[in-house]
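K.L.:
pasting a predicted model and its sequence here:
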Amino acid sequence: MIDMTTQAQIGGTELKVRIEKALAEKSLKKLITNLEKELNGEHSFLPHDVETRIREVLVEAGVAVSQHGGWYRCIAVYLLLPKLDELLAVKSMSEEKNVAPIVQKLRNEALRESLSTFGLEVPARYARTSNGTGRPHVRLSREQKQQLVENFLDALPTFEGLQDVLDTLPKNTNLMVKQIRSLVKRYLSIANRLQSVAAHE
């Protein structure tokens, strides 16, 4: 088993071999494709600087990206590498029993390990663990919450202006515009919910 630290140390040929091995496995095709779509969508959880670093690693390793389905497919495999051996082992049992929950758990663990290597916290949808433990919630006072909401909504005119500009741009733009579009959409969605809650209080 090669974890992310060892993986980063080895790199080169060994990394290339592992990525190509995963890409050649028919049993992993659907899993890789689903993750690829998430990375290539407007709501990608991967920051631009981390994506750039992974691209550099793939280039240095000699991975023929264009021959293996493009950047996001190869990045998806890279993120799954910490649990590649386990995923392959589980997938080989798929005819005997339903392994979907196990595959999902391994996928989440792989993403947690991969993202933590870059100092990132895993998105909430991947953060579930089998033991169900977590940090306790800290309650805010009503005044603190009200101040937070007011400060958050102060930026509304700026984001509405950004949305107006984005509406004039073509949908298929570069990564930076895609990330800005995603950020604006998230902000406006949260702002709408906050305003709706405030209106009913």
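P.N.:
Received, thanks.

K.L.:
so what's the gap between stretch 81-97 and the chain middle?
P.N.:
21 Å (C-alpha atoms, centre = their mean, to the nearest Å).

K.L.:
next: stretch 34-47.
P.N.:
Centre-to-centre, stretch 34-47 and its host chain are 6 Å apart (C-alpha atoms, centre = their mean).

K.L.:
use 15 as the first number for this chain going forward.
P.N.:
New numbering, starting at 15: the last item is stretch 48-61.

K.L.:
can you name the residues in contact with that stretch?
P.N.:
Outside stretch 48-61, the residues within contact range by C-beta atoms under 8 Å, 6 or more residues apart in numbering are 65, 68, 83, 86-87, 89-90, 93-94, 121, 134, 137, 192-193, 195-196, 199-200. Where you see a C-beta, it was placed from the backbone N, CA and C, and this is true even at glycine.

K.L.:
give me the buried positions along the longest helix that the chain contains.
P.N.:
Criterion DSSP state H: the longest helix present in the chain is helix 189-214. By neighbour count on 16 or more other C-beta atoms under 10 Å, the buried set for helix 189-214 is K192, Q193, R195, V198, Y201, A205, L208.

K.L.:
residues contacting the second one?
P.N.:
The contact partners of Q193, taken as C-beta under 8 Å, 6+ apart, are S58, H62.
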